[in-house]
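> got a structure for you, letters missing:
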């Protein structure tokens, strides 16, 4: 019993040391904005310029992460909700220039909340003219990058294998820790990463029961890190016809130095757009702690999972920006080429009427229609223009049902099409 208590205390101490040294990703973005307003400097004018700057900051952020939402209901909704999305607005200068007041501000926006809100509104970077799939996979490390030397006491409870110690024995636990950290970081930014191990068609390709299915595993026969080529081929077959971005992570280094007691992990992340053939590296990030002497092998093993996942968390601050850029680029490409699909949202006072509309839609123009969050969400077939569908089919159907839609309630813009009763 005392030994168990000491072990648990040691593990807790290691985890506390790890968390005390973490510097989490910033959940905000600073946006510089300059505005000009006719008038003379006064308290009232200053309030007006601040209001203008905050609205402009929201719009400027959207231009980068979700260009299709500009000018539509999503932009309006976010601007209306700006009080909950803006963390701080700092004046950088205000001056009278002729008959205008010119002012500059630094607006700090909560990008996590903005991206979540965009996703809720159906205006996220991965939805719009085309659905953008994001997968998470791993590039194989080398044995030279992963090393650990433990004495007999520290290695208790672990199994050595060719000098790699518990790394290969517990490698899948490191993979899951890194994967989950990356997914959590992506979700905070409104990005959805697809896990292959959650898709039934890939289940049979697992290399072991606890295989996280990120494309890499340790082959105990060859004693090398190996690529699951069968899995990669299946991924290519399933996703090559879709707009797909693969987020690759790689364990650049993972080691414990027994002399200095340093526990360190370095994680690298890159993104690859399958269709565009574009690959972008976002660099690498390391995370290191000092482990007190006498910590057992189990605590060191758990600590390695922590440093690896923390390094990945820190790196996601850069990776999510690149992921949003690639997704937005894919959306723009689909909109310009007409190869994507458009979504029209219809909101009527009666859900029964929305269901009646759903049953009358033509399969030639509509690929799917479902009622979600008080909207009838209609996905158009490829090549069908929003104008032709709305004015040529939908409004005619509503007229026959005795439902009249005034022009002011027909809002059509790139990526955002809303008709309300």
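Noted; the coordinates are in hand. All values derive from a computational prediction rather than experimental measurement.
> Please determine how far residue 267 is located from residue 418.
From residue 267 across to residue 418, the span is 41 Å (CB to CB, to the nearest Å). Quick note: C-beta positions are derived from backbone N, CA and C, even for glycine.
> between these two, who's got more neighbours?
Each of residue 267 and residue 418 has its neighbours counted (other CB atoms under 10 Å); residue 267 has more, 28 against 19.
> helix or strand for the more buried one, which one?
Here residue 267 is covered by strand 262-273, with elements defined by DSSP states H and E.
> buried residues in that strand?
For strand 262-273, a neighbour-count test (16 or more other CB atoms under 10 Å) marks 263-273 as buried.
> Likewise for stretch 48-66?
Those would be 48-50, 52-59, 61-62, 65-66, for stretch 48-66 by 16+ other CB under 10 Å.
> ok so, going back, right, and the helix or strand after the strand holding residue 267?
strand 278-290.
> Give me the helices and strands touching that following strand, please.
helix 2-20, strand 243-257, strand 262-273, helix 297-337 (3 or more CB pairs under 8 Å, 6 or more residues apart in numbering; DSSP states H and E).
> Among the ones you listed, show the one with the smallest mean pLDDT.
Confidence, taken as mean pLDDT, is least for helix 2-20 of these (a mean of 39).
> Could you point out the helix or strand that follows that helix?
Following helix 2-20 in sequence, per DSSP H and E, is strand 29-38.
> Can you list the strands that that following strand pairs with?
According to DSSP bridges, strand 29-38 forms sheet pairs with strand 100-109 (antiparallel).
> hmm, who's touching the strand it pairs with?
Residues from elsewhere that reach strand 100-109 (CB atoms under 8 Å, 6 or more residues apart in numbering): 28-41, 45-46, 49-50, 53-54, 57-58, 61, 85-96.
> Please repeat the previous calculation with a cut-off of 6 Å.
Contacts to strand 100-109, defined as CB atoms under 6 Å, 6 or more residues apart in numbering, come from residues 28-39, 41, 45, 49, 53-54, 57, 61, 85-95.
> got the end-to-end distance for stretch 184-199?
19 Å (CA to CA, to the nearest Å).
> just use 45 as the starting number from now, easier for me
Shifting the count to begin at 45 puts that one at stretch 228-243.
> circling back to that earlier point, can you flag which of the buried residues of stretch 92-110 belong to helices?
Under the assignment DSSP state H, those contribute 92-94, 96-103, 105-106, 109 to helices.
> the residue most distant from the middle of this protein, which is it?
Going by CA atoms, centre = their mean, the residue of the chain most distant from its centre is residue 142, 45.7 Å out.
> Distance-wise, check the nearest residue to residue 151 once chain neighbours are set aside relative to residue 113.
Leaving aside its sequence neighbours, residue 151 sits nearest to residue 101 (CB to CB, 6 or more residues apart in numbering; 3.7 Å). Distance of residue 101 to residue 113, given as CB to CB: 15 Å.
> same question, residue 404
29 Å.
> and the strand holding residue 311 with helix 341-381, angle?
Angle of strand 306-317 versus helix 341-381, following axes from the mean of the first three to the mean of the last three CA atoms, to 10 degrees, is 20 degrees.
> what packs against strand 306-317?
Judged by 3 or more CB pairs under 6 Å, 6 or more residues apart in numbering; DSSP states H and E, the packing partners of strand 306-317 are strand 287-301, strand 322-334, helix 341-381.
> Adjacent strands (with direction) for it?
Here strand 306-317 has these sheet partners by DSSP bridges: strand 287-301 (antiparallel), strand 322-334 (antiparallel).
> which one of these has the most crowded surroundings?
Counting by mean count of other CB atoms under 10 Å, strand 287-301 has the highest mean neighbour count of the strands paired with strand 306-317, with a mean of 22.
> Can you give the contact residues for that strand?
Taking CB under 6 Å, 6+ apart as the rule, strand 287-301 contacts 174, 176-183, 185, 189-192, 222, 307, 309-318, 328, 344, 370, 374.
> ok, back up a step: any chance of the ones in helices among the buried residues of stretch 92-110 in CSV, plus distance to residue 421 and pLDDT?
Compiled in CSV, those are given as follows (distance: CB to CB, whole Å; pLDDT from 0 to 100):
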residue, distance to residue 421, pLDDT
92, 38, 95
93, 39, 95
94, 37, 95
96, 34, 95
97, 34, 95
98, 31, 96
99, 28, 95
100, 30, 94
101, 30, 94
102, 24, 94
103, 25, 91
105, 25, 88
106, 21, 85
109, 22, 74
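> TSV for the residues you listed, including distance to residue 361?
Formatted as TSV, these follow (distance: CB to CB, whole Å):
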residue	distance to residue 361
92	34
93	31
94	28
96	29
97	25
98	23
99	26
100	24
101	19
102	20
103	23
105	15
106	19
109	14
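> and which of these is nearest residue 167?
Among these, residue 106 lies closest to residue 167 (CB to CB), at 8.6 Å.
> where does that closest one sit relative to residue 238, distance-wise?
According to CB to CB, residue 106 and residue 238 sit 25 Å apart.
> same question, residue 163
Applying CB to CB to residue 163 and residue 238 gives a distance of 15 Å.
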